[in-house]
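# Sharing a model that was predicted from the sequence below.
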Amino acid sequence: MRGFYIGRFQPYHNGHHHMVEEIAGQVDELVLGIGSAGDSHSPRNPFTAGERVMMVTKSVAEFDIPTYVVPIEDLDRNSVWVSHVQSMSPAFDVAFSNNPLVIQLFKEAGVEVRQSPMFRREVLEGTELRDRMIADKDWRSLVPDPVIDVIAEIGGVERIQHVSDTDSNEF
Ligand SMILES: Nc1ncnc2c1ncn2[C@@H]1O[C@H](COP(=O)(O)OP(=O)(O)OP(=O)(O)O)[C@@H](O)[C@H]1O
Ligand SMILES: NC(=O)c1ccc[n+]([C@@H]2O[C@H](COP(=O)(O)O)[C@@H](O)[C@H]2O)c1
């Protein structure tokens with residue numbers, strides 16, 4: 001059985017990693033969708049799809065499960081989003097998500113959806129991690145080690161601080 005799990009992963013954190021570990025116990029192969037793939041260099045979406053591919057690929061290497069990482073751009077039309085996802089991804093039997101819109105769209109399309117409880121959500125939330133990066137507070141303890149390396153390699157903290165500076169995000 002092949003599972004599908006999509007997130008923006010801005011950045012990929014220990015909550016996502018915990019969910020992947022749980023999913024890995026339920027399926028034989030996993031597709032990880034990098035959502036909003038066209039977005040980057042903004043306060044909410046600082047990292048490119050390629051950078052997020054690196055974070056996710058290096059992190060899930062510790063789990064013993066074949067994993068495909070697929071960037072998926074957003075569409076203006078929710079009604080055809082599941083078809084769009086299916087056109088970009090290896091075929092899957094079950095989708096995993098805690099996002100209400102994603103759950104609704106998959107269910108309406110007849111795809112089985114499984115949810116899992118949120119894991120330490122008071123700190124394991126992308127928004128909280130990005131705020132900590134901007135404020136130079138600890139975020140490294142909340143992500144898998146490979147994510148620390150990728151964010152260092154790409155100058156990610158400097159970037160998010162720069163794009164969050166209201167004087168420097170005009171183009
Ligand atoms: N701590 C967590 N435990 C379990 N699942 C999580 C956790 N954080 C996020 N998820 C789930 O992972 C998927 C992808 O989430 P997403 O990439 O939006 O992360 P996020 O932490 O919610 O980020 P943001 O604050 O940027 O929206 C969603 O289904 C979301 O509900
Ligand atoms: N119409 C669309 O393009 C559409 C609909 C539902 C979810 N999505 C994307 O799926 C991803 C869901 O991940 P999150 O749970 O991290 O929000 C996001 O990137 C979101 O933009 C896109």
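Yep, it's here. Ligands and ions are numbered 1, 2, ... in the order given.

# Tell me the predicted confidence for the residue of the chain found nearest ligand 2.
Of all residues in the chain, the one sitting closest to ligand 2 is residue 35 (2.2 Å; C-beta to the nearest ligand atom). Using the backbone N, CA and C atoms, a C-beta is placed for each residue, glycine as well. pLDDT, residue 35: 98.

# That one reaches residue 5, doesn't it?
No - Residue 35 lies out of contact with residue 5 (C-beta atoms under 8 Å); the separation is 10.1 Å.

# Next, find the distance separating residue 89 from residue 138.
Between residue 89 and residue 138 the distance is 35 Å, computed by C-beta to C-beta, to the nearest Å.

# ok, these two, which is more surrounded?
residue 89 (18 against 11; other C-beta atoms under 10 Å).

# dump the residue contacts of the more buried one.
Neighbouring residues of residue 89 by C-beta atoms under 8 Å, 6 or more residues apart in numbering: 4, 31, 33, 68, 70, 72.

# any idea how far residue 65 is from residue 147?
Residue 147 is 19 Å from residue 65, by C-beta to C-beta.

# wait, residue 9
17 Å.

# Among the two, which residue is more densely surrounded?
The neighbour comparison of residue 9 against residue 65 (other C-beta under 10 Å) goes to residue 9, with 25 against 15.

# Which positions in stretch 152-170 come out as buried?
Neighbour counts using 16 or more other C-beta atoms under 10 Å place 154, 156, 157, 159, 160, 161, 163, 164 of stretch 152-170 among the buried residues.

# Hmm, the third one is touching residue 147, no?
No - Residue 157 sits out of contact with residue 147 when judged by C-beta under 8 Å, with a separation of 12.0 Å.
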